[in-house]
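Chemist: Build the 3D model from these lines:
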Amino acid sequence: MSETFQTLTLACDARGVATLTLARPEVHNAFDETVIAELQRAAERLAADPGVRVVVLTGEGRSFSAGGDLRWFRRQVDSGREERIAGSRALGSMLRTLDELPRPLVGRINGGAYGGGTGLISVCDIAIGVEGARFGLTEVRLGLLPANISPFVVRRLGAGNCRRVMLSGRTFGAGEAVQLGLLAAAVPAEALDAAVEAEVAELLQAAPGAAAATKRLIRYVEGHDLEASLDYSARALADGWESAEGQEGIAAFLAKRTPSWRGE
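Modeler: The predicted structure follows:
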């Protein structure tokens, strides 16, 4: 994890828990072209590192992410159509790469999130936020639409909830974010680290390859009909039985010992 970034920090502990932090607190961790490119690069690096078992995504300062940077918005106004489309696709690609990360992705949502910041939360497998934080999909109030993030937010919240919060662009609190399914839980700020660590500790009990395969299984089943999903799942389970992890896990269970990926 020696690579340096302008807008992010990335570190990994001895357990294989990587922490990816948005590090632009002076602009509430807002997005621009550099942030998007660096998040893409960091996600690719995390996916390729076999030593990483869990990734925690968070923000520096009082906000998780305010969405688009105002200076980036101004550059978009001055751009041509093809440049706007290319920039839009880069944002969508970055979100997809994080969404398909072959590691559990835990959102440590340290403050408010708007627009693209809400999209980032939506690609987390689990997101824990702080009480008092505000959230919003406010694009329509600028005459725009939440386009790139919509595949991830609609999947997370459901179409009905998205109509409720996207069409008005109103903001909502952490309690409603839990009700909508954006957050798994909202806790006091002083309890955030402990709540995130509790999720991480549970995720570290899972075999890394099995966790990655399960993320692929969920994604496949979500997008296919029953017949295709049953065929895929039968093959996936056979792969699991035949894998080194599967053999180790069953052997450990039968011998009443701890499997290798859990350590001592």
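
Chemist: distance of the residue nearest to residue 145 when sequence neighbours are not counted from residue 131?
Modeler: Closest residue to residue 145 apart from its sequence neighbours, by CB to CB, 6 or more residues apart in numbering: residue 139 at 5.4 Å. The way it works is simple: take the backbone N, C-alpha and C, and place the C-beta from them, glycine included. Going from residue 139 to residue 131 by CB to CB, to the nearest Å gives 25 Å.

Chemist: same thing with residue 177?
Modeler: 10 Å.

Chemist: For the spatially closest residue to residue 62 that is not a sequence neighbour, give me its contacts.
Modeler: Nearest non-adjacent residue to residue 62, counting by CB to CB, 6+ apart: residue 111, 4.9 Å away. Going by CB atoms under 8 Å, 6 or more residues apart in numbering, residue 111 touches 28, 59, 61-64, 130, 133.

Chemist: Give the next helix or strand downstream of the least confident helix or strand in the chain by mean pLDDT.
Modeler: In the chain, the helix or strand scored least confidently by mean pLDDT, DSSP states H and E is helix 70-78, which has a mean of 72. Downstream of helix 70-78, the next assigned helix or strand under DSSP states H and E is helix 81-99.

Chemist: Contacts made by that following helix with the rest, please.
Modeler: So helix 81-99 is in contact with 31, 33, 36-37, 39-40, 43-44, 47, 57, 76, 79, 105, 116, 119-120, 123, 147-149, 151-152, going by CB under 8 Å, 6+ apart.

Chemist: Enumerate the positions of it that are buried.
Modeler: 87, 90-92, 94-99 (16 or more other CB atoms under 10 Å).

Chemist: Check stretch 46-60 too.
Modeler: Here stretch 46-60 shows 46-47, 52-60 as buried, counting by 16+ other CB under 10 Å.

Chemist: got it, and stretch 256-264?
Modeler: Going by neighbour count (16+ other CB under 10 Å), the buried part of stretch 256-264 is 259, 261.

Chemist: repeat for stretch 20-27
Modeler: Quick answer for stretch 20-27 (16+ other CB under 10 Å): 20-24, 27.

Chemist: Let's see which of the residues you listed end up in strands.
Modeler: 20-22 (DSSP state E).

Chemist: Could you dump those residues into TSV with pLDDT and distance to residue 260 added?
Modeler: Below are these laid out as TSV (pLDDT from 0 to 100; distance: CB to CB, whole Å):
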residue	pLDDT	distance to residue 260
20	98	26
21	98	30
22	98	34
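
Chemist: pLDDT averaged over the helix or strand residue 151 falls within, what's the number?
Modeler: Using DSSP H and E, residue 151 sits within helix 150-157. The average pLDDT within helix 150-157 is 97.

Chemist: what pairs with residue 54 across the strands?
Modeler: Residue 54 forms beta bridges with residue 17, as assigned by DSSP bridges.

Chemist: my read: it touches residue 19, true?
Modeler: No - the criterion here is CB atoms under 8 Å, and residue 54 misses it with residue 19 at 9.6 Å.

Chemist: for the stretch 51-200 of the chain, what spans make up the strands?
Modeler: For the stretch 51-200 of the chain, the strands defined by DSSP state E, counting those that start in this stretch occupy 54-59, 63-65, 105-109, 112-114, 126-130, 134-136, 171-173, 185-187.

Chemist: now for the fifth one, which elements pack on it?
Modeler: Strand 126-130 makes packing contacts with strand 105-109, helix 174-180, strand 185-187, helix 192-203 when contacts are defined by 3 or more CB pairs under 8 Å, 6 or more residues apart in numbering; DSSP states H and E.

Chemist: before we move on, back to that, what is the nearest of the buried residues of stretch 20-27 to residue 217?
Modeler: residue 20 (24.3 Å; CB to CB).

Chemist: Grab the CA positions of stretch 197-213 and hand them over as CSV.
Modeler: Extracted in CSV, the C-alpha atoms of stretch 197-213 (Å, rounded to 0.1, in the frame of the first residue of the first chain):
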residue,chain,number,x,y,z
GLU,A,197,-15.1,-2.9,13.8
ALA,A,198,-17.9,-5.3,14.8
GLU,A,199,-18.9,-5.7,11.2
VAL,A,200,-15.3,-6.1,10.1
ALA,A,201,-14.7,-8.8,12.8
GLU,A,202,-17.6,-10.8,11.5
LEU,A,203,-16.5,-10.5,7.9
LEU,A,204,-13.0,-11.8,8.9
GLN,A,205,-14.6,-15.1,9.9
ALA,A,206,-15.4,-15.8,6.3
ALA,A,207,-13.1,-17.5,3.8
PRO,A,208,-11.8,-14.8,1.4
GLY,A,209,-12.5,-16.8,-1.8
ALA,A,210,-15.9,-17.8,-0.6
ALA,A,211,-16.8,-14.2,0.2
ALA,A,212,-15.7,-13.1,-3.2
ALA,A,213,-17.7,-15.9,-4.9
